[in-house]
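Novice: could you work out the structure for the sequence below:
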Amino acid sequence: MSDIDPRPAFRDPNLPRAERVADLLSRLTLDEKIGLLHQYHRPVERLGMGPFKTGTEALHGLAWLGEATVFPQVVALGATWNPELVEQIGAAVADEVLAFNHNDPVKVGRNVWAPTVNPLRDPRWGRNEEGYSEDAGMAGLMGAAYARGLKGDNGSVWKTAPSVKHFLAYGNEADRCTTSSNMPPRVLREYEFAAHRPALASGDAVAVMLSYNLVNGRPAHVTPLVNSELRTWTDEEVYIVSDAYAPNNLANLQGYFEDLPTAYAAAVKAGLDSFTQDDENARDVLVHVETALERGLLDEGDIDTAVRRNLHVRFGLGEFDPEDPYAHIGDEAVNSPEHQALAREAAAQSITLLKNDGILPLAGPDRQAPKKIAVLGPFADTQMQDWYSGTLPYAVTARQALGERAEVVYSEAVDRVRLRHRNGYVTAVEDGKALEITDATGAAAQYDLFDWGGWSYTARNAATGLYVDGRLDGTVGADSVGPHEFDVHETFRIVELEGGKVALQQIHVAEGAEGGKWYALEDGRIVLSDDRADAVELDVELVVKGHDTAAELARDADVAIVVLGDHPLVNGRETEDRTDLRLANAQEWLLKRVQEANPNTILVMSSSYPYAANWAEKHVRAVAWSGHGGQEWGNALADVLYGDRDPEGRLPQTWYTDAAELPAMLDYDIVASDATYLYYLGQPLYPFGHGLSYAEFKYANLKADKENAKPGDELTVTVEVTNTSGRDGVETVQLYTHQCGSRVKQPLRQLRRFEKVRLAAGETRTVTFTVPVDELAHWDNVTGRMIVEKSRQRLMVGRSATDIVLSASVRVDGETVGARDLSQTLKATANDLYEGVLWRDENRTSGDVIAAEEAGGWIMLGDCDFGSAEQYPTVTARVAGQASQLTLRVDDPLDGDVLAKIDTPATNGVYDYTDVTVELGRIEGVKDLYVAFESGPVRLASLSFAAEHGGAA
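Specialist: Sure thing, here's the model as predicted:
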């Protein structure tokens, strides 16, 4: 069949997709195929293949392309605990993507980069707002729901092609491209894989984006786990895309390969199908691939494999079909009344009531609604957008919505100041295009000063209503809408000088500029300077004390509502982790002043992450939280505060009392570090799953259908829930399990199922959960697989992870793991405990080893069966690195009996392994074996023991 045949096989929608892909692939030249490996596919006009672009941002609404419905942040959607609602939102976003795509298919592709399923391991992560939950299973469930909505329910043609991100072990922003996440096998399989697997296994997501970081010393963009694990979760093709500009990191920032052709070849071999590099400029990427082919690092078969997956997505989207089943979806879908209503519903379900001593709801049959409300704080009359938000078509604020129900008095409650120089005042001139020193004292020389915590400030000019902005060209003006770009350049520090004067130092800068520039004076104008000696000395004169104004308004109101939170692009954001969990000082001081003036104070937090709001929990009558809630947040907030809606939100992550309760930011081993609600031993401020209702509920008659169960069985768990109050309400019933007795450390509790139930006053309902026993499995280092252990499983039902109301137990007839068989090689990474060591790459393509950078580290391989005395006379260590010494002990890493000392020679690099064999001391029975690293750096791949008869084990 010729290329100009009007109906080649690849254009026949009646043929299987794989057959159509194969037909089109066979028609492409090698050069044409290479042109499909970049984010912006090169058209092949002779075959009627137009341009194609991967990667439309659709995290919680269509982003970066103009006005579209803005739904609540992902962490807020997680707080709904409602996957069906999240699926509806995904479907709405898909329709809006289609509408934009129909207008400009070149600019707006239908491969969407969503959902984000990285579990929220640490609330300090700068991208906390992008994740659904700290519970990996819940993150995966909600992500799959969103992907299901995005993909659509047409059996043959997808609305969009959802991409799960970011694989793998990504949860820090500081040095994110060069830090390595330690991933012991158990954490990898029980936590990380549990979040990423569901959307792929269900077929709801068709693509995956790789992450910037390294995992066990190897860049995620060349992880062997894509092919060995991820692609085994589904029978369908999985399309793998790089994160933006990450491919070049492999040879540049990460230095993992000697040059880019080598790096690109390794990435393709490891499973990468699409290079997101250099925006629409594909030339260099294609040249590197061509060079890799010329060197023999790749062959055409490798290219075909990647191109086939690219084509699979394009066929899935119906590109080569004669008709578009979604052609009817047009501009009317964008911000439609239905989507507005859905945004309001999502925002309402996300609002989480953390404390209530009876002040809420504000209205009801038993109380009179307040006549006058003071709505106060920096978020009382504004709605924030994060980096992946869409452009708000409108925004209903707390002030606006509450103002429809009562008389509202309002203050932003920030200080208004002048910046005085010895020759005058810093004044906005030319409509804010510049700042000059003038004699003016009016609005042009006045600034509303916002304290975001962490010594970060922004200043809004009172005349222009716009923010001070230190620009890339070194000029400074007051004509920015505020932090809104990826590179923020509106923030600054106030640095105290002698004599009470201050200097201003820019914090963030536009791309291409150096950080830490000082606000200086040149020819009467404020400019940026690298030299601190040039910093202009200023006095801060207070014009209006914001807290005083707020307190006065609160004092005369029936109720004061203080709306606080974070700016999503300041202090915690992509590329920047938080340093603590505290509210900004100015915000907490505001809350204290208002509460002092009016005891009927309610704190509402709108934020991308949890806060250590300890003072508020002790002193404020009611505390509520939601993520930044999108365009309808104000209406939703009023609905909940007034009792039109029951507060339905439940926390998707733990709220801690202090950042000191958290492990090190880069400690990804949640098991060893007692991290997340699964293992945390302390008392949280608010636990995972917490959230109050206006109604009261009673739990009774928790039952499991089996007293004994085995792998392959299903447990059916039932519990009766009764609304014992006089009003309708919503309860989220949560089922947790805990394994009592195990060879290894088990979670204190683990969420297995949950259900949101709406109960009328006095209504009782039986809630039923079904849990396959196989889900109770954990990774076993001895057998190297997931196992269900013989144990007693405690079934716990409650309102949160720590508010357990009822419990029952089931005996599970699972496996009993025996001792380690020393006739088999022991991988060092299969250890049960460790200290002072790292997981690192065995080589550049596969395998992990244990690395000790210095003396003092050790690993423990538990339950080693040494048999009878002298059964294993020698031990062989497979090692690489510098000359070092290993000490083998039993029962204790420091004081245990020494079995052997192994002097390891220097090898030709960390990937050049050698075997070192020494005699093993007399030992018998089952013992815990410790390997202590007496010096470093050295890498240990494995230990093997020779049997008495002399054969290698």
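Novice: list the buried residues of the longest helix anywhere in the chain.
Specialist: Assignment by DSSP state H gives helix 83-103 as the longest helix of the chain. Neighbour counts using 16 or more other Cβ atoms under 10 Å place 83, 85-102 of helix 83-103 among the buried residues. Any C-beta I mention is one placed from the backbone N, CA and C, and that applies to glycine too.
Novice: the closest residue to residue 259 other than its chain neighbours: which element?
Specialist: Using Cβ to Cβ, 6 or more residues apart in numbering and skipping residues adjacent in sequence, the residue nearest residue 259 is residue 251, 5.5 Å away. When elements are assigned from DSSP states H and E, residue 251 belongs to no helix and no strand.
Novice: residue 251 against residue 263, yeah?
Specialist: Yes: using Cβ atoms under 8 Å as the test, residue 251 is close enough to residue 263 to be in contact (4.3 Å).
Novice: which of the two has more residues huddled nearby?
Specialist: Between residue 251 and residue 263, counting by other Cβ atoms under 10 Å, residue 263 is the more crowded of the two (26 against 19).
Novice: A strand includes the more buried one, no?
Specialist: No: with DSSP: H, G, I helix; E, B strand; the rest coil as the criterion, residue 263 is helix rather than part of a strand.
Novice: how near is it to residue 626?
Specialist: 43 Å (Cβ to Cβ, to the nearest Å).
Novice: helices of the stretch 651-800 of the chain, start to end?
Specialist: Counting by DSSP state H, counting those that start in this stretch, the stretch 651-800 of the chain has these helices, from start to end: 676-679.
Novice: go on, the stretch 451-600 of the chain?
Specialist: 546-555, 585-597.
Novice: out of those, nearest to residue 186?
Specialist: Residue 186 sits nearest to helix 585-597 of all the helices of the stretch 451-600 of the chain, at 39.5 Å, using Cβ to Cβ.
Novice: could you pick out the longest strand of this protein?
Specialist: Using DSSP state E to assign secondary structure, the strand with the most residues in the chain is strand 729-740.
Novice: strands paired with it, and their directions?
Specialist: Looking at strand 729-740 with DSSP bridges, its partner strands are strand 750-759 (antiparallel), strand 791-798 (antiparallel).
Novice: in this protein, where is pLDDT below threshold?
Specialist: 1-5, 509-515, 869, 948-953 (pLDDT under 70).
Novice: domain ranges for it?
Specialist: Listed by automatic domain parsing, the domain ranges of the chain are 17-316, 423-536, 695-812, 820-946.
Novice: pull up the distance across the first one, start to finish.
Specialist: The first and last residues of domain 17-316 sit 8 Å apart, counting by Cα to Cα, to the nearest Å.
Novice: please shift the residue numbers so they start at 46 in all later answers.
Specialist: Sure, I'll start numbering at 46, so the last one becomes domain 62-361.
Novice: now the strands for the stretch 346-495 of the chain?
Specialist: Along the stretch 346-495 of the chain, the stretches classed as strands by DSSP state E, counting those that start in this stretch are 397-401, 417-421, 452-456, 460-466, 469-474, 479-483, 492-496.
Novice: contacts for stretch 351-363?
Specialist: 55, 62, 65-67, 69-70, 73, 78, 81-82, 86, 97, 99, 155-156, 201-203, 205-206, 251-252, 282-285, 313, 317-319, 365, 369-370 (Cβ atoms under 8 Å, 6 or more residues apart in numbering).
Novice: give me the subset of these lying in helices.
Specialist: 62, 65, 66, 67, 69, 70, 78, 313.
Novice: which PyMOL command selects the buried ones in those?
Specialist: With 16+ other Cβ under 10 Å as the criterion, this PyMOL line picks the buried residues out of these:
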select buried, resi 62+65+66+67+69+70+78+313
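Novice: can you add distance to residue 819 and give the ones in helices among the contacts of stretch 351-363 back as JSON lines?
Specialist: JSON lines is the format used below for the ones in helices among the contacts of stretch 351-363 (distance: Cβ to Cβ, whole Å):
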{"residue": "62", "distance to residue 819": "31"}
{"residue": "65", "distance to residue 819": "37"}
{"residue": "66", "distance to residue 819": "34"}
{"residue": "67", "distance to residue 819": "36"}
{"residue": "69", "distance to residue 819": "40"}
{"residue": "70", "distance to residue 819": "38"}
{"residue": "78", "distance to residue 819": "42"}
{"residue": "313", "distance to residue 819": "35"}
